[in-house]
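S.K.: Give me a 3D structure for the following:
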Amino acid sequence: MKFDPGCIQFRLTAGMVLASILGFGGMTAWSNFRMQQILIQGHKKHAVDVAERFGQDVAWMDETLPSTMALEKVINYRSTPDTAIWIRSSDGDIIAQSDTLEMGSWQKDGLAESVLTLSPNQTLASVSIQGRQLIVCISPLEVNDTVLGDLFIIDDITQNQRSFSTVTKDLTLASIFVIGLSAIVIAIYVRQSIKPICKMNELAANVSPDNLADTHLEFDRAPTEVRDLAQAFNMMLGRLSGAWEQQRRFVSDVSHELRTPLTLVHGYLQSTLRRCNTLTEPQREGLEIAASEADRTIRLLQDLLDLARADGGHIRFHIERVSLKDMVLDTVEAGYPSSRVKVDIQSPGVDARADRNRLKQVLINLIDNAVKYSEDNTVVTVRLKQEGEWAMIQICDRGRGIPRTAITQIFEPFYRVDEDRSRVTGGTGLGLSIVKTLVEGMRGKIKVQSNPGDGSIFTVSLPS
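M.R.: Numbering: from 1, shown residues only. Okay, here's the model as predicted:
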């Protein structure tokens, strides 16, 4: 199925996938943000707790140890490989510091030197120094109501941040995988859900007058809205079928009822013209016009009756093997002068499965049209040939041709390429429609090739 951004399947799939992206993406982003905040807040709380209890620890040890030794003891007790502590006096001298600052990880890239120069203005913050993420907590150190200096607590959370980044990347990849899998599942689900609508569309596209009464939708397992739509569609098809059948019956009845009285009128007019010798010239001309129009109307009604019977399936075809050469020669020689119509037999001995009488009616209609719409000094050619499993009869004329825009419409009832010319030649606009109906009834095909000014070629193909 071709890609169509305006179809329901694409819109539903895109909407649900977008909702999944926003849902999973939003949840992942919010989780990452919260985990980052929890990580930083946890380390900040730890640094603050150490700072608040540091003075108490020093005061407790100061009772048994000298002051400097007590500071170093507490610093080493509270220090870890990622946590550095030192005390700076008001004069800027380092009173005591943890051994952590002497480790290689703190000496690398001059990190220890950089942190030792921190200003005591920052009390609690997350800073980045030498590419390392640090939690800095600075507060005055007071022991036994005496301020010894500023307490610096530096917590290196770089490794934690890297671990957190790895988890975030894995979580993002997992979210992308879940979103992709969800998109596939959603697309399959949506496609299955709208299958009844696609089937309804396909069925509606194939509805024709021939299968209108037999077309019916049944979706027992479809969604409620689709079942309701199918029920309304079936009701509409029922009404259309009834209206179409009523129209066909009306056309058939009217054609049948009017043909008999018009035949009587036409016969009376012809009898009057033959037997009455006292008619003036205007009277005779008027009666001749009336007889001509009556004859034309009778032929129109007969064509309508034939179409109505064909639409109602009442035309019966007696299919038999027919010698097309004999059929074509007999039809042309019996009804047309050799100066206007000639026969070109390219494949002798061609037989076809057809109804002899219906095929003769098709040939007469097509040859009559070719003769009517060609100049008097041109010749109409009836060509017979065999192509594969098809026997082909071509009626070629050198008339005005048919415009390209009208080729697909000429087989429609009452369609006329040239309204004025059709009236002059006596056409009813039903001949080609009847021809198409009869050819298809014999399981054949008909097509036309035409260019304005170059004439037309009607090709009837019948199974051989």
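S.K.: C-alpha from now on. contacts and neighbour counts both.
M.R.: Will do.
S.K.: can you give me the strands in the stretch 51-200 of the chain?
M.R.: 83-88, 94-97, 124-129, 132-143, 146-156 (DSSP state E, counting those that start in this stretch).
S.K.: what's the most buried one of the ones you listed?
M.R.: Neighbour counts (mean count of other C-alpha atoms under 10 Å) averaged over each of the strands of the stretch 51-200 of the chain peak at strand 83-88, with a mean of 23.
S.K.: now for it, which elements pack on it?
M.R.: helix 67-78, strand 94-97, strand 146-156 (3 or more C-alpha pairs under 8 Å, 6 or more residues apart in numbering; DSSP states H and E).
S.K.: The first one to strand 83-88, inter-axis angle?
M.R.: If I follow you right, that is helix 67-78. 160 degrees (axes from the mean of the first three to the mean of the last three C-alpha atoms, to 10 degrees).
S.K.: counting contacts, what elements does helix 67-78 pack onto?
M.R.: helix 8-62, strand 83-88, strand 94-97.
S.K.: same question, the shortest one
M.R.: Using 3+ C-alpha pairs under 8 Å, 6+ apart as the contact definition, the elements that strand 94-97 packs against are helix 67-78, strand 83-88.
S.K.: would CSV of these with distance to residue 390 be doable?
M.R.: Formatted as CSV, the helices and strands packed on strand 94-97 follow (distance: least, C-alpha to C-alpha, whole Å):
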stretch, distance to residue 390
helix 67-78, 102
strand 83-88, 96
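S.K.: Could you export these as a markdown table, including mean pLDDT and distance to residue 405?
M.R.: Shown next, in a markdown table, are the helices and strands packed on strand 94-97 (pLDDT from 0 to 100; distance: least, C-alpha to C-alpha, whole Å):
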| stretch | mean pLDDT | distance to residue 405 |
| --- | --- | --- |
| helix 67-78 | 84 | 95 |
| strand 83-88 | 89 | 88 |
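S.K.: Residue 365 is nearest to which of those?
M.R.: strand 83-88 (105.8 Å; C-alpha to C-alpha).
S.K.: Would you mind giving the strands of the stretch 51-200 of the chain as CSV with distance to residue 41 added?
M.R.: Formatted as CSV, the strands of the stretch 51-200 of the chain follow (distance: least, C-alpha to C-alpha, whole Å):
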stretch, distance to residue 41
strand 83-88, 16
strand 94-97, 25
strand 124-129, 10
strand 132-143, 10
strand 146-156, 12
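S.K.: Now stretch 285-299: buried residues?
M.R.: Of all the residues in stretch 285-299, those buried under the rule 16 or more other C-alpha atoms under 10 Å are 287-288, 290-292, 294-299.
S.K.: By pLDDT, give me the weakest of these.
M.R.: Minimum pLDDT for the buried residues of stretch 285-299 is recorded at residue 299 (71).
S.K.: name the helices or strands packed onto the helix or strand encompassing that one?
M.R.: Using DSSP states H and E, residue 299 sits in helix 281-311. Packing partners of helix 281-311 (3+ C-alpha pairs under 8 Å, 6+ apart): helix 224-275, helix 431-441.
S.K.: Of the ones you listed, flag the one that's most buried.
M.R.: helix 431-441 (a mean of 21).
S.K.: And that one, what does it pack against?
M.R.: Partner elements for helix 431-441 (3+ C-alpha pairs under 8 Å, 6+ apart): helix 281-311, helix 356-372, strand 445-451.
S.K.: Recalculate using a threshold of 10 Å.
M.R.: On a contact count with 3 or more C-alpha pairs under 10 Å, 6 or more residues apart in numbering; DSSP states H and E, helix 431-441 meets helix 281-311, strand 351-354, helix 356-372, strand 445-451, strand 455-463.
S.K.: I'd like the helices and strands packed on helix 67-78 as JSON lines, with distance to residue 125 appended.
M.R.: Shown next, in JSON lines, are the helices and strands packed on helix 67-78 (distance: least, C-alpha to C-alpha, whole Å):
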{"stretch": "helix 8-62", "distance to residue 125": "8"}
{"stretch": "strand 83-88", "distance to residue 125": "15"}
{"stretch": "strand 94-97", "distance to residue 125": "20"}
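S.K.: if we compare the ones you listed, which one ends up closest to residue 233?
M.R.: helix 8-62 (19.2 Å).
S.K.: for that closest one, packing partners?
M.R.: Helix 8-62 packs on helix 67-78, strand 83-88, strand 124-129, strand 132-143, strand 146-156, helix 158-193, going by 3+ C-alpha pairs under 10 Å, 6+ apart.
S.K.: need those in TSV with distance to residue 413, can you?
M.R.: Below are the helices and strands packed on helix 8-62 laid out as TSV (distance: least, C-alpha to C-alpha, whole Å):
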stretch	distance to residue 413
helix 67-78	102
strand 83-88	96
strand 124-129	87
strand 132-143	86
strand 146-156	91
helix 158-193	41
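S.K.: I'd like to know which of these is closest to residue 26.
M.R.: Using C-alpha to C-alpha, the nearest of these to residue 26 is helix 158-193, at 10.4 Å.
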